[in-house]
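*Asks:* Mind looking at a prediction? Sequence and model below.
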Amino acid sequence: MMDTQLILTGFLKRAERYFPNKQIISRTSPTITHRIAFKDYVKRTRRLADALKNIGMTRGTKVGTFGWNHHRHLEAYFAIPCSGAILHTINIRLAPEHIVYIINHAEDEILLIDEDLFPLVEPALAHLKSVKHIIIMGDSLGVPTSSFPNVHNYEQLLQEADENFEFPEDIDEYSQAGMCYTSATTGMPKGVVYTHRSIVLHSIALGLAESFALKENDVALPVVPMFHVNAWGLPFAAINYGANLVLPGPMFTPALLLDLIEQEKVTLAAGVPTIWLGVLAEQERQARDLSSLRQIISGGSASPKGLIQAFIEKLGVPYVNAYGMTETSPLVSMSHPTSEMDNYSADELLDLRVTQGLTSSLIETEVVNENGPVPNDGQTMGELRIRGPWIASEYYKDERTVDSFRDGWLYTGDIAVLTKEGYIKITDRTKDLIKSGGEWISSVDLENALMSHPAVFEAAVIAVPHPKWQERPLACVVLKENAHAGKDELIAHLENDFAKWSLPDDVVFLKEIPKTSVGKFLKAKLREDLKDYEVPL
Ligand code: ADP
């Protein structure tokens, strides 16, 4: 067979040739919506590549982006890798010292920064070692005043560039195309490098019926930020498959998302569970027409059962749990039921939908403990390990590689069991497991059960030190507005489903659960905040 290269340029050519009139709907503010046909998008992307070349981008140059989800960011997604350079998407919500660290560590030479985000980067500029040019992305033609010498305006640069720019054809599929750093709850973020090959294969996988089933007649809304694992790969895949792409810009409020879904007739939307919790509450407050939605994809952290149930039963929208990591591009598995489950009751099906599901084609997973792979018994816990063509094999220039990559596998640090059907069910991250008197207690199961109580908005369960049992579970609960429930009622709510020894020793009520930059529960912070807490003996 031929050895043609799996490179992203092929996606652009397909978009131009077969889907010239498909649309990118991009919001750069609540009042400004850009509608760009794919044929014009590709021209702008060629212009951007030419403009970047004109200021010194060559093969291997790292170009950082610091932006929301919008069409300019999408132009960078292709202009940079298709030129043989490397797209480094920077998480805008990282702490300032982490931002400085990753730009220096990646050795970014050019930065593309959203106009409204420039003030976040400005204080860091003096500490950046490799950056030579900054390009401001925005609707205006100006640039902010700054002591940094080379600050350009994106649209201005594009105007002066060539829309017929030709991308090189001799890019090796194994060459670096992009990079993203993990959001790091402890220590400095770790860099993951994606290759053309890994992105192409991952994008194709998003079109499989067993995964997102993305296709030409879809209208895809990645709510997950473009600075977080390439918005789960949706932008790349949508260009290849010719799906309309809705990019919501800086305003991620539930109301705005619901308006967009209704107006643009979105068929597929992807985001973390906290987004969908907010969307559900807003939809209950003011209902929009969601009949266009064929699927909500939720990932990044566990979805509470009640949330999945509410989407399916109250809103009539299929809600599918997807599992992955920055290191895995990210798609590893999804919780679609198979036809073998046609005779399952609604409850049994819901139990499967909460899991992380079946592993994607081309990816291998195993759950292993000291005795080897665990059986499909829904009980024996082990660490999930993964391998495959879009799974990282190392961290970028980082000694911590040895901790996670061994024997050809990525060790995820996620503790899981396998259901009898072989579905992966994550019970915890290694560092969040509660080890009580030699037994492991899953915080995720307790959280899910707590969040199924009608008064509970969010719940996180953490380990607190205990003189006799080493650790005991403590529930941290945020109640819904105007809702009431006390400790005894919440513990009683759990009693039927959990052994007595695994119930939380206490419940603390909080105004909010601290979250990571991408909206996951930040349990390290909760543990820190509650470190002086003493469990009632
Ligand atoms: P970071 O590691 O930077 O927080 P990632 O997005 O790479 O960001 O996080 C990956 C982790 O998120 C996984 O190891 C797992 O613990 C968790 N995760 C991802 N998807 C799911 C899911 N569907 N259910 C439960 N946990 C998930």
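*Replies:* Received the coordinates, thanks.

*Asks:* list the buried ones in the least confident helix or strand in the chain by mean pLDDT?
*Replies:* Every helix and strand in the chain was compared by mean pLDDT, DSSP states H and E; the lowest is strand 439-441, with a mean of 85. Neighbour-count burial for strand 439-441, counted by 16 or more other Cβ atoms under 10 Å, picks out I441. From N, CA and C alone the C-beta is placed, and that goes for glycine too.

*Asks:* Quick one: residues in contact with it.
*Replies:* M381, I415, T427, D428, L433, I434, K435, P473, W501, S502 (Cβ atoms under 8 Å, 6 or more residues apart in numbering).

*Asks:* Stretch 46-59 too?
*Replies:* Outside stretch 46-59, the residues that reach it (Cβ under 8 Å, 6+ apart) are 63, 75-76, 79-80, 82-85, 109-110, 132-133, 150, 152, 154, 157-158, 160-168, 175.

*Asks:* which of these are buried?
*Replies:* 63, 75-76, 79-80, 82-85, 109-110, 133, 152, 154, 157-158, 161, 165, 167, 175.

*Asks:* In strands, which of the residues you listed fall?
*Replies:* V63, E109, I110, H133, H152 (DSSP state E).

*Asks:* okay if I get these as a markdown table plus pLDDT and distance to V478?
*Replies:* Shown next, in a markdown table, are those (pLDDT from 0 to 100; distance: Cβ to Cβ, whole Å):
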| residue | pLDDT | distance to V478 |
| --- | --- | --- |
| V63 | 98 | 40 |
| E109 | 98 | 44 |
| I110 | 98 | 42 |
| H133 | 98 | 44 |
| H152 | 97 | 44 |
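
*Asks:* Now flag whichever of those is closest to the ligand.
*Replies:* Using Cβ to the nearest ligand atom, the shortest approach to the ligand within those belongs to V63, at 21.4 Å.

*Asks:* Surely that closest one touches A76?
*Replies:* Yes: V63 is within contact range of A76, at 7.1 Å (criterion: Cβ atoms under 8 Å).

*Asks:* Name the residues contacting each of those two.
*Replies:* In contact with both V63 and A76: L87, L112, using Cβ under 8 Å, 6+ apart.

*Asks:* and the contacts of stretch 46-59 near the ligand, which?
*Replies:* Checked against the ligand using Cβ under 6 Å from any ligand atom, the contacts of stretch 46-59 yield no neighbours at all.

*Asks:* ok, back up a step: so which of the contacts of strand 439-441 are in strands?
*Replies:* Mapping the contacts of strand 439-441 onto strands (DSSP E) picks out I415, T427, D428, I434, K435, P473.

*Asks:* Just the buried ones from these?
*Replies:* Using 16+ other Cβ under 10 Å as the burial test, these include I415, T427, D428, I434, P473 as buried.

*Asks:* pLDDT score for the first one?
*Replies:* In the prediction, the pLDDT value recorded for I415 is 93.

*Asks:* So it is in contact with V374, correct?
*Replies:* No: with contact defined as Cβ under 8 Å, I415 and V374 do not form a contacting pair (10.4 Å).

*Asks:* shared neighbours of these two, anything?
*Replies:* Common neighbours of I415 and V374, using Cβ under 8 Å, 6+ apart, are M381, G382.

*Asks:* Any residues of this protein in contact with the ligand? List them.
*Replies:* Residues of the chain lying near the ligand (Cβ under 6 Å from any ligand atom): 182-183, 299-302, 321-326, 356, 412, 414, 426, 429, 516.

*Asks:* Now do the domain split for this structure, please.
*Replies:* 9-252, 364-429, 434-529 (automatic domain parsing).

*Asks:* Could you tell me the least trusted of the ones you listed?
*Replies:* Ranked on mean pLDDT, the bottom entry among those is domain 434-529, at a mean of 91.

*Asks:* Relative to the ligand, how far out is Y77?
*Replies:* Here Y77 is placed at a distance of 18 Å from the ligand (Cβ to the nearest ligand atom, to the nearest Å).

*Asks:* For that residue, which non-adjacent residue is spatially closest?
*Replies:* Nearest residue to Y77, sequence neighbours excluded (Cβ to Cβ, 6 or more residues apart in numbering): P235, at 5.4 Å.
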